[in-house]
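A.B. asks: Here is a sequence with its predicted model. Questions after.
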Amino acid sequence: MTLLDLIIDFLLNPWFIISLIFWVIVLIFVFLLRNKKEAYTLFFPLLAMFKTKKLNNLIQRIAKKSPRFWRVFWNIGIFVSFGFTIYGFYFFFTNIVNLFFQPSIENAIIPLIPGVNIDIPIFMYLLLPLLFIMTTHEFAHGISANIDGVEIKSTGVLGAGLFFLVGFGAFVEVDERSLRSSKFKRNTRFRIAAAGTYVNAITAGVAFLLILSFPTLVSPFYVQTIQVYSVLTPQDGGFNYENLESEDVIIAIKHQNDSDSQFLNLDLSQDISLTSILSNSTRVKFALGENLTFSTYNPSSDSYSEKNVTVGPRYDIGIRYAYIPNGTGLIITYNYSSSTDTNIFITKVNGTDIDTSSGDTLELLLTDFNLKAINLTTSTGKDYILDVEILGGGFIGIQSNSYWMHKNDFAKFFTTNWPDFLIKELIWLFIISFSITLFNMMPLPIFDGDRFLKELIDWIFGEDYKSKKKKTDRLIYKGTDTECKLTEYRVENVEYVKILLKEDNKSNQNSEVLLGKDNYELVDSIGDGYKDTVSVKLPDTTKLKNNSVFEVSFEYLYDEKRKIKRIVLNAVRVVALGLILGNFVLSFSIFGFDLLGF
């Protein structure tokens, strides 16, 4: 394949086209919001994020409905979410041990990456569950923050698209700086950290219950039965080639001589299936060679009919075999009576030359109701006699799939595909929500579990602010805000404040302006009783350029236990990261990347 062919294949790949459409839409929004640059953040070609405050009021109204209920609700979430942190370590540890010593495809863990191991049809099923999970997750953070008075700065959506990768999400941006201060209690931070995962866990539980009860939920509209997709010819061992047709949906079955009131409706959710009827384990009884009457529906012609179906014997001949490519013989590959592999070439069955093109097959012989034995002859003239055993139940010679049969016109309008769509959505909703619950509570910097663990370690070790340290912060001026919010919360005094100015656009040299003490003030901007911000007072005639830098040197109270807490936190992070990466690497090295087969 030439380089040009590779480029053309790349450009015509559906995932690239979708990604291209995504970025075109993003650029349209950027153009519309060109006068509100604070409303979006663009990192082309990786990430686009759009902010709004329109959802803030909705979150506030929900939180104010019953603050006491929400506080109890989120308190329960603290214990549930931390339980998933413990379970996460147990799960990833035991799974990596199994991958080492007893590797099984069930233990494989891989990321789902659109365009790599998720194709477009499957990805389409993921869209609604992802939207629901991410929206409820972020709303949970927002509601839990709002009940304790933590400011929600903005809400919004984000998207990522690079070549074959397209993703999206929602977010709620709370005032993290204020939240981390002593203004808010530790329980508030616990509740906010756990809220999203807690709601994801509830979502997984509800989805699991809906999956278990799905046949009951749709029973007023649909019943699960079977649809014929292939009818075996006599040469393939079938008994009803001209009786049943492909696409026939089998609704009910009765003995041919019974009245219509004796029809037994198929319902796979109640274990009333064609298999159970042909096993003679239902009230519909028959003998081999007798006829059953099938009530059928054909979706293509939208017609109902009754068809008489012959029940033939199901034989066990005790061998496994395969025809050779030209169809003039077969090879016995396994003998069940002796449990041995074989390689015996057979050319005749009961004295007749095998020829699949003319219909002379072993399966044709199996349609004989009085078959007792089969004589197989090799190419060298050696004969093998197989004693034939009739298995329990009957055989009619069809291949079928499950089918959701409508019960009324309302269900018929939505077609048989609707229940299949719903159950797939519920299954993906469970898989994604449970996976996010498990991963998100692991203590890694990008997950909520990390925020939760920080608070837990702070609570265990406590705080000891008895010494002072010096620090210098540099803050970039964006054109309006002269409030220098420092990186420490308990600032005792400010040594100096400098403004670093660029001489011109062509020069990389900065000039310094040292401000007098009357040009700045150390204030408590959070309201927790500790000073944390330097408010710079510039004369009205002073014009600072964007991206000028405020340099602030200050002295602050230092937590003597910060170092040990950081060591413990990083140690737990390393263990968590090792377990997760170990599972990914082992799964990939043992089973490959395309484990789902999509």
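C.D. replies: Nice, thanks for sending it over. Numbering: from 1, shown residues only.

A.B. asks: going forward, measure contacts between C-alpha atoms and count neighbours the same way
C.D. replies: OK.

A.B. asks: buried stuff in stretch 301-312?
C.D. replies: 307, 308, 309, 310, 311, 312 (16 or more other C-alpha atoms under 10 Å).

A.B. asks: now the residues you listed as a markdown table including distance to residue 153?
C.D. replies: A markdown table is the format used below for the buried residues of stretch 301-312 (distance: C-alpha to C-alpha, whole Å):
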| residue | distance to residue 153 |
| --- | --- |
| 307 | 68 |
| 308 | 71 |
| 309 | 70 |
| 310 | 72 |
| 311 | 71 |
| 312 | 73 |
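
A.B. asks: domain parsing for the protein?
C.D. replies: Using automatic domain parsing, the domain parsing of the chain gives 3-214+442-451+578-591, 222-314+397-406, 318-387, 466-560.

A.B. asks: Over the second one, what's the mean pLDDT, rounded is fine.
C.D. replies: If I follow you right, that is domain 222-314+397-406. For domain 222-314+397-406, mean pLDDT rounds to 95.

A.B. asks: can you give me how far that domain is from the chain middle?
C.D. replies: Relative to its parent chain, domain 222-314+397-406 has a centroid offset of 37 Å by C-alpha atoms, centre = their mean, to the nearest Å.

A.B. asks: which sections of the stretch 451-598 of the chain are below the confidence cut-off?
C.D. replies: Along the stretch 451-598 of the chain, the model assigns pLDDT under 70 to residues 502-510, 541, 593-598.

A.B. asks: any idea where the strands of it begin and end?
C.D. replies: For the stretch 451-598 of the chain, the strands defined by DSSP state E, counting those that start in this stretch cover 465-476, 483-485, 491-502, 510-514, 520-523, 533-536, 549-559.

A.B. asks: check contacts around residue 568.
C.D. replies: By C-alpha atoms under 8 Å, 6 or more residues apart in numbering, residue 568 lies in contact with residue 457.

A.B. asks: Provide the secondary structure category for the residue nearest the centre of the chain.
C.D. replies: Central residue check for the chain by C-alpha atoms, centre = their mean: the C-alpha nearest the mean position is that of residue 432, 3.1 Å away. Three-state assignment for residue 432 (DSSP: H, G, I helix; E, B strand; the rest coil): helix.

A.B. asks: Also residue 184?
C.D. replies: Residue 184 - assigned by three-state DSSP - is coil.

A.B. asks: Tell me how many other residues surround it.
C.D. replies: 15 (other C-alpha atoms under 10 Å).

A.B. asks: before we move on, back to that, what's the most distant pair in the buried residues of stretch 301-312?
C.D. replies: Using C-alpha to C-alpha, the two most remote members of these are 307 and 312, lying 15.8 Å apart.

A.B. asks: what distance separates whichever helix in the chain runs longest from the middle of the whole chain?
C.D. replies: If you go by DSSP state H, the chain has its longest helix at helix 67-101. When distances are taken as C-alpha atoms, centre = their mean, helix 67-101 is centred 18 Å away from the chain's centroid.

A.B. asks: Which elements pack onto it?
C.D. replies: helix 120-146, helix 186-212, helix 417-440, helix 562-591 (3 or more C-alpha pairs under 8 Å, 6 or more residues apart in numbering; DSSP states H and E).

A.B. asks: one more time with 6 Å
C.D. replies: helix 186-212 (3 or more C-alpha pairs under 6 Å, 6 or more residues apart in numbering; DSSP states H and E).
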